[in-house]
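*Asks:* Sharing a model prediction with you, sequence too.
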Amino acid sequence: MTIWANGCLRLRRWLKHLNVAPLYIEPGSPWENGYIESFNGKMRAQFLDGELFYTLKEAQIMTERWRRHYNTVRPHGSLRGQPPVPETIQLAS
């Protein structure tokens, strides 16, 4: 048993002893995670539904281009129209 699995088992026993039921997301269950589901929906609607890839390399390049736009350019409503992680430029000194 790995250290991680052993620690997880001990945590579950402790929570059971306290009569506490944690919110648990099964590994590989993205539908239980609202943030990833929101991202997956946006990626499908804004990117995948409008593209046709002929090669794996083309898919990788286009996906990276979309990811950069999504993270650094697109306006975000909760940030008053600012991008989530705007690109920065460091000037040489």
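*Replies:* Sure thing, it's come through.

*Asks:* need the helix or strand of the protein with the lowest average pLDDT.
*Replies:* helix 3-17 (a mean of 76; mean pLDDT, DSSP states H and E).

*Asks:* Helix or strand next in line after that one, which one?
*Replies:* helix 34-46 (DSSP states H and E).

*Asks:* Please write out the alpha-carbon positions of the longest helix along the chain in PDB.
*Replies:* Across the chain, the longest stretch assigned as helix under DSSP state H is helix 56-72. C-alpha atoms of helix 56-72 as PDB (Å, rounded to 0.1, in the frame of the first residue of the first chain):
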ATOM      1  CA  LEU A  56      -3.000  14.700 -33.900                       C
ATOM      2  CA  LYS A  57      -0.400  17.500 -34.200                       C
ATOM      3  CA  GLU A  58      -3.000  19.900 -35.600                       C
ATOM      4  CA  ALA A  59      -5.300  19.000 -32.700                       C
ATOM      5  CA  GLN A  60      -2.500  19.700 -30.200                       C
ATOM      6  CA  ILE A  61      -1.600  23.000 -31.700                       C
ATOM      7  CA  MET A  62      -5.200  24.200 -32.000                       C
ATOM      8  CA  THR A  63      -6.000  23.100 -28.500                       C
ATOM      9  CA  GLU A  64      -3.000  24.900 -27.100                       C
ATOM     10  CA  ARG A  65      -4.000  28.100 -29.000                       C
ATOM     11  CA  TRP A  66      -7.500  27.900 -27.600                       C
ATOM     12  CA  ARG A  67      -6.200  27.200 -24.100                       C
ATOM     13  CA  ARG A  68      -4.000  30.300 -24.200                       C
ATOM     14  CA  HIS A  69      -6.800  32.500 -25.500                       C
ATOM     15  CA  TYR A  70      -9.200  31.100 -22.800                       C
ATOM     16  CA  ASN A  71      -6.700  31.700 -20.000                       C
ATOM     17  CA  THR A  72      -5.100  35.000 -21.100                       C
END
